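[1] need a structure here:
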Amino acid sequence: MHSDTSEHVDSDDLDDCSHVQCLIDGLPVKLTDDQRQEAERFIRDNAAIFSKSEYDLGCTNLIEHQIDTGDNRPVRQALRRHPVAYIPLIDQHVDEMQRHNIIEPKPGSEWISNVVLVKKRTGVCVIASTIVG
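    Model (predicted):
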């Protein structure tokens with residue numbers, strides 16, 4: 001007889017767990033076998049709540065978040081210049097974020113901010129937006 005946990009896991013669910021394998025592989029070595037099995041089971045059973053990619057951020061309609069800025073006006077920043085070689089990377093990343101509904105264009109908005117390029121050890125540039133206000 002199967003346990004309650006394994007009854008609802010089928011081969012399709014196991015295929016959908018590949019994105020959490022790095023979490024399982026990163027479990028501390030000092031865990032006992034029982035602790036490791038419990039942690040792996042917990043991670044696999046909840047695999048759907050873990051992002052599968054940098055654009056898989058999830059969303060909810062259960063709550064709406066608002067930032068109360070009071071009577072404060074936006075802080076103006078001078079536009080940053082970026083190396084010409086990075087412009088296509090910036091455009092590509094912004095297009096991807098728009099395509100995945102992470103950001104949306106707000107022409108004429110006073111609440112816009114600069115794009116920041118972050119150089120990682122891997123040599124990959126990641127775009128982050130500064131928070132202003």
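[2] Tell me where the protein is predicted with low confidence.
    1-15, 124-133 (pLDDT under 70).
[3] Show me where it has its helices.
    4-7, 11-15, 21-25, 33-45, 87-99 (DSSP state H).
[4] closest one to K106 among those?
    helix 87-99 (11.4 Å; CB to CB). Every C-beta, even on glycine, is put in place using the N, C-alpha and C of the backbone.
[5] Check which helices and strands that closest one sits against.
    Secondary-structure packing of helix 87-99 (3 or more CB pairs under 8 Å, 6 or more residues apart in numbering; DSSP states H and E): strand 115-119, strand 125-129.
[6] before we move on, the earlier item: quick one: closest of the helices of the chain to P74.
    Set against P74 and scored by CB to CB, the helices of the chain come closest in helix 87-99, at 19.9 Å.
[7] Give me the buried positions along the closest one.
    89, 93-94, 97 (16 or more other CB atoms under 10 Å).
[8] Between those, which sits nearest E104?
    Nearest to E104 among the buried residues of helix 87-99, counting by CB to CB, is M97 at 9.2 Å.
[9] Correct me if wrong: the closest one contacts Y55.
    Yes - shown here, M97 and Y55 form a contact pair, counting by CB atoms under 8 Å, at 7.4 Å.
[10] quick one: T60 from Q66, how far?
    Distance, T60 to Q66, by CB to CB, to the nearest Å: 15 Å.
[11] scratch that, D16
    D16 is 34 Å from Q66, by CB to CB.
[12] Compare these two (neighbour count), which wins?
    D16 (13 against 5; other CB atoms under 10 Å).
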